[in-house]
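Novice: return atomic coordinates for the entry below.
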Amino acid sequence: MTAKLIEARGVSHAFGSMEVLSDIDLTILQGEIVAIVGPSGCGKTTLLNLLSGHIAPTTGTIVRHGTLRTVYQKDGLFPWLTVAENVALGLRHVHNPALRETQLEEAIALVGLTDFASFYPHHLSGGMRQRTELARALVSRAETLLMDEPFSALDYMTRLHMRHELVRLLHKMPRTVVLVTHDIEEAAQLADRVILLSRRPSRIWKQLDIAAARPRRVTQQEVTHAVSELLSVLNLDATGETPVAAEQA
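Specialist: Numbers count the residues shown, from 1 in each chain. Prediction:
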């Protein structure tokens, strides 16, 4: 039986008088990639922060098993540390110096940054900084990675590359992933399961399973079908326009 790493039951959250999330039931299973999407301002990041334990729900319960680590939209690299020094922070649990050095070199090589190990973050492109951040997260003891729109600040071609990189890295170093994204195509390309939130106060509007093996092409039938189905639920047409009926939903 696949282990349950996170279980949210009847979770609601409000900031003062503003109810953001209402009666969320969600289970995250070991080894799966779950993407959370929904309209702007619906509480996707709030849900991620609840799952991580950074904030507590107003009502309901969240049970976590194993260790978690959050990867943010803006990388959390320390600007005064090199690539190698930043990644090494994820290896503080490895007390044998020789083993730690070996694992550090392997992690940097895995993300293709061996030639940049001595570079500082301001010398790197956005994609290279995110690869450094991923390497640091993957070498840590975290069993679950909570990713808050980690590629949204990158241009489209770099985002496509980083999706491929994430799939490749997870194949080498398996983790459970909960990914918040505003990009429905990204969700369909990466996730085993897509959670679509409604407008605020947000509930789970739809859960969509995508069984296709990874890596997936953006033009692959399973991906385009999932995108189309999610857009249909959001009541968006092919041009991205929202009918009046959707605004009143």
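Novice: what pLDDT does Leu231 get?
Specialist: On pLDDT, Leu231 comes in at 90.
Novice: so it, which of the three states?
Specialist: helix (DSSP: H, G, I helix; E, B strand; the rest coil).
Novice: for the nearest residue to it once chain neighbours are set aside, what are its contacts?
Specialist: Closest residue in space to Leu231, ignoring its immediate chain neighbours: Ile184 at 6.7 Å, by CB to CB, 6 or more residues apart in numbering. All C-beta spots, glycine's among them, are computed from the backbone N, C-alpha and C. Counting by CB atoms under 8 Å, 6 or more residues apart in numbering, Ile184 touches Val37, Val227, Leu230, Leu231.
Novice: show me the strands in the protein, by range?
Specialist: 4-15, 18-29, 33-37, 59-64, 68-71, 144-148, 176-180, 193-197, 204-209 (DSSP state E).
Novice: and the residue nearest to Leu231, how far from Ile55?
Specialist: 26 Å (CB to CB, to the nearest Å).
Novice: likewise Arg141?
Specialist: Remark: distance between Arg141 and Ile55 (CB to CB) = 23 Å.
Novice: just Glu222 next, same as before
Specialist: On the measure of CB to CB, Glu222 and Ile55 end up 35 Å apart.
Novice: likewise His93?
Specialist: 26 Å.
Novice: same deal with Leu5?
Specialist: Taking CB to CB, one finds Leu5 at 19 Å from Ile55.
Novice: on that earlier part again, quick one, which of His93 and Ile55 is more surrounded?
Specialist: Ile55 (13 against 10; other CB atoms under 10 Å).
Novice: how about that one, what does it touch?
Specialist: Applying CB under 8 Å, 6+ apart to Ile55 gives the contacts His13, Thr46, Asn49.
Novice: same thing with Phe151?
Specialist: By CB under 8 Å, 6+ apart, the neighbours of Phe151 are Gln130, Thr158, Arg159, Met162, Arg163, Thr181, Asp183, Glu186.
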